[in-house]
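Enquirer: Here you go, sequence then predicted model.
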Amino acid sequence: MNARYQVAAPSQVRSDIVVFFLPETEQLRRELQASIQEQFPSAEAALSSNECTGKKGTFVSTYVADRSRSKKVAIVGVGDHSTLTAESFRRAAATAVRRAGNGAASIAFVLPEWSPLGAELTATAIVEGAVLGGYAFTRYKTSDKPNPLADVTIVGASRSRAVSAAIEQAATICEGVYFARDLANMPGNDLYPETLAEHARRAGKAAGFRVQVFDKRKIESLKMGGLLAVNQGSVRPPVFIVMEWKGGGANQRPIVLVGKGVTFDTGGISIKPADRMGEMKMDMHGAATVIGTLYAVAKLRLPINVVGLVPATENMPSGSAYRPGDIITFMNGKTAEIDNTDAEGRLILADALTYAERFKPQAVVDIATLTGACVIALGHVTSGLMGTDRALLDRIKAAADATSEYVCELPLYEDYLEQIKSDVADVKNTGGRPAGAITAALFLKHFIGNYPWAHLDIAGTGMAPKDGPYWTKGATGVGVRLFVEMLRRW
Ligand code: MN
Ligand code: ZN
């Protein structure tokens with residue numbers, strides 16, 4: 001999708017539909033309605049209708065017979081002026097894209113000069129909402145394909161380098177989100193460890209970052225016992241993907257992002273119920289987020305060093321699968337008793353967290369569709385955040401606030417460790433139902449190196465059970481915008 005800035009009078013913009021934002025606040029609303037009517041006299045009925053209130057979520061559109069270049073005008077409500085945030089404009093822009101109707105290939109938004117956020121942030125939010133709201137996963141449809149929105153134009157009154165750049169950057173970040181959504185939505189028969197690696201390679205080539213893929217033999221030589229144990233039941237070999245963007249100085253220590261890449265999770269021998277098991281094709285969303293982030297970071301040429309690590313495997317039941325009761329040895333020499341083979345994500349992340357130490361990182365953040373317990377605690381709205389370093393957690397929270405990719409910190413009190421104590425090994429891979437998101441993180445903590453660490457559980461936020469304000473049912477691409485924002489501010 002293209003996004004661009006154009007300086008023009010709204011009536012002179014050539015687009016399938018021209019969209020105006022309208023706040024609910026009385027005086028301002030009246031002034032704006034009058035000004036729109038002046039530009040598009042035939043929109044009068046729509047503008048004076050009682051649907052045109054400026055209330056959040058409202059949308060009125062009409063064909064216009066004026067001497068304008070566009071044939072349709074829409075007015076979308078954003079709510080009270082005093083409460084406006086970037087999220088207000090994201091959601092309103094997405095509403096406009098969705099309500100504009102199938103067949104609208106281009107949409108133009110008139111940049112609201114009255115926005116309290118300033119032109120750059122407002123334009124960014126509009127592009128994000130429009131592009132992300134226009135996403136559809138259609139690559140497997142041979143008929144009834146919706147018409148994709150191809151062009152988003154932000155219409156302003158005056159030239160601005162900063163606004164043009166902000167729009168371009170927002171569109172690039174959205175490409176990263178699309179990349180992640182596409183990968184996570186792809187089915188397990190097409191997306192398995194080796195094809196996931198192929199997609200990472202392609203992203204690296206397109207955006208200009210380095211990609212190395214370790215095969216099973218290399219993984220064996222590194223003694224990644226967690227990744228190998230989970231992979232045992234699958235006929236498809238595992239991969240370990242290493243991605244590197246060197247935008248910073250040669251001596252700058254990198255930020256390492258680790259993404260869980262279970263390309264399909266049956267639960268293994270501790271098999272999941274059949275109901276909705278198909279959603280487990282998205283159990284590599286963390287990996288998709290990390291690849292999408294590297295793509296955006298490299299395309300934006302951010303002046304920082306970033307490493308992405310993805311351990312990838314299927315979790316399948318078979319005669320060769322790992323079993324409950326097994327004791328496995330990880331790359332760092334520690335051992336774990338397998339209590340439940342469906343708690344596999346932490347096993348592959350453990351080895352990746354050990355491997356991360358090689359980069360002498362400034363910080364490591366892992367992201368994973370890790371626990372059902374996190375979905376129970378925070379639903380599909382908020383990601384679980386845990387970690388060892390206050391400054392790092394605060395950086396993530398600040399980026400979460402800016403992007404509205406909400407996070408909530410859960411505690412890692414040592415008292416919870418009791419639940420994952422093993423009689424026969426260093427640690428046990430499950431701690432029962434209470435505080436399951438926390439005990440999963442405490443398991444990971446056994447494997448971190450000498451670096452600040454944080455963990456994001458996106459089991460709920462990565463997989464949307466129904467369409468949201470600017471995402472569709474399925475993979476949301478969560479984490480890409482949050483990570484890019486965190487790295488831009490680093
Ligand atoms: Mn599982
Ligand atoms: Zn899993």
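Expert: Happy to help now that I have it. Numbers count the residues shown, from 1 in each chain. Ligands and ions are numbered 1, 2, ... in the order given.

Enquirer: can we go C-alpha only for contacts and neighbour counts from here?
Expert: OK.

Enquirer: So which residues on this structure come close to ligand 1?
Expert: 267, 342-343 (Cα under 5 Å from the ion).

Enquirer: Scan those residues and report the most crowded one.
Expert: Asp342 (23 neighbours; other Cα atoms under 10 Å).

Enquirer: The residue of the chain found nearest ligand 1: what's it in contact with?
Expert: Using Cα to the ion, the single residue of the chain nearest to ligand 1 is Asp342, 3.7 Å away. Neighbouring residues of Asp342 by Cα atoms under 8 Å, 6 or more residues apart in numbering: 265-272, 315.

Enquirer: Cross those against strands and list the overlap.
Expert: Under the assignment DSSP state E, the contacts of Asp342 contribute 265, 315 to strands.

Enquirer: Which of the contacts of Asp342 ranks first by neighbour count?
Expert: For these, neighbours tallied by other Cα under 10 Å; top is Asn315, 31 neighbours.

Enquirer: I'd assumed Phe109 was in a helix, is it?
Expert: No: Phe109 sits outside any helix when classified using DSSP: H, G, I helix; E, B strand; the rest coil, being strand.

Enquirer: what bridges to it?
Expert: When bridges are called by DSSP bridges, Phe109 pairs up with Val19, Ile154.

Enquirer: how close does it sit to Ala3?
Expert: Noted for Phe109: a distance of 11 Å to Ala3, by Cα to Cα, to the nearest Å.

Enquirer: Please compare those two by neighbour count and tell me which comes out ahead.
Expert: Applying other Cα under 10 Å to Phe109 and Ala3 shows that Phe109 carries more neighbours, namely 27 against 24.

Enquirer: wait, Gly129 sits on Ala93?
Expert: Yes: using Cα atoms under 8 Å, Gly129 is in contact with Ala93, at 5.2 Å.

Enquirer: which one of the two has more residues nearby?
Expert: Ala93 (33 against 28).

Enquirer: Let me know the helix or strand that that one is in.
Expert: helix 86-99 (DSSP states H and E).

Enquirer: Just the strands from the stretch 1-150 of the chain, written as ranges.
Expert: 2-7, 17-23, 59-63, 72-79, 106-110 (DSSP state E, counting those that start in this stretch).

Enquirer: Give the helix, strand or coil label for the residue of the chain closest to ligand 1.
Expert: Going by three-state DSSP: Asp342 is coil.

Enquirer: What does the pLDDT read for it?
Expert: According to the prediction, Asp342 has pLDDT 98.

Enquirer: now it: how far from Leu353?
Expert: 20 Å.

Enquirer: In the protein, where is pLDDT below threshold?
Expert: 102 (pLDDT under 70).

Enquirer: now the biggest helix by length in it, how far from the centre of its chain.
Expert: Among the segments of the chain that qualify as a helix by DSSP state H, the longest is helix 161-185. Centre-to-centre, helix 161-185 and its host chain are 11 Å apart (Cα atoms, centre = their mean, to the nearest Å).

Enquirer: counting contacts, what elements does that helix pack onto?
Expert: Helix 161-185 sits against strand 2-7, helix 119-133, helix 285-299, strand 474-475, helix 480-488, with contacts defined as 3 or more Cα pairs under 8 Å, 6 or more residues apart in numbering; DSSP states H and E.

Enquirer: Dump the ones you listed into a markdown table; add distance to Arg201 as well.
Expert: What follows is those, written out as a markdown table (distance: least, Cα to Cα, whole Å):
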| stretch | distance to Arg201 |
| --- | --- |
| strand 2-7 | 24 |
| helix 119-133 | 24 |
| helix 285-299 | 10 |
| strand 474-475 | 21 |
| helix 480-488 | 18 |
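
Enquirer: so how many other residues sit close to Leu347?
Expert: Around Leu347 there are 28 residues (other Cα under 10 Å).

Enquirer: quick one, what contacts it?
Expert: Listed by Cα under 8 Å, 6+ apart, the contact partners of Leu347 are 226-227, 230, 429.

Enquirer: Out of the residues you listed, which sit inside strands?
Expert: Residues of the contacts of Leu347 located in strands (DSSP E): none.

Enquirer: Taking those residues, tell me the two that lie furthest apart.
Expert: Leu227 and Asn429 (13.5 Å; Cα to Cα).

Enquirer: Next secondary structure after the strand or helix carrying Val242?
Expert: In this assignment (DSSP H and E), Val242 forms part of strand 239-246. Per DSSP H and E, the first helix or strand lying C-terminal to strand 239-246 is strand 255-259.

Enquirer: neighbouring strands for that next one, and are they parallel or not?
Expert: strand 305-315 (parallel), strand 363-368 (parallel).

Enquirer: Dump the last one to PDB, restricted to CA.
Expert: Just to be clear, that refers to strand 363-368. This file holds the C-alpha atoms of strand 363-368, laid out as PDB (Å, rounded to 0.1, in the frame of the first residue of the first chain):
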ATOM      1  CA  ALA A 363      19.300  -5.900  26.500                       C
ATOM      2  CA  VAL A 364      17.300  -8.900  25.500                       C
ATOM      3  CA  VAL A 365      13.500  -9.000  24.900                       C
ATOM      4  CA  ASP A 366      11.700 -12.100  24.000                       C
ATOM      5  CA  ILE A 367       8.200 -12.300  22.600                       C
ATOM      6  CA  ALA A 368       6.000 -15.400  22.500                       C
END
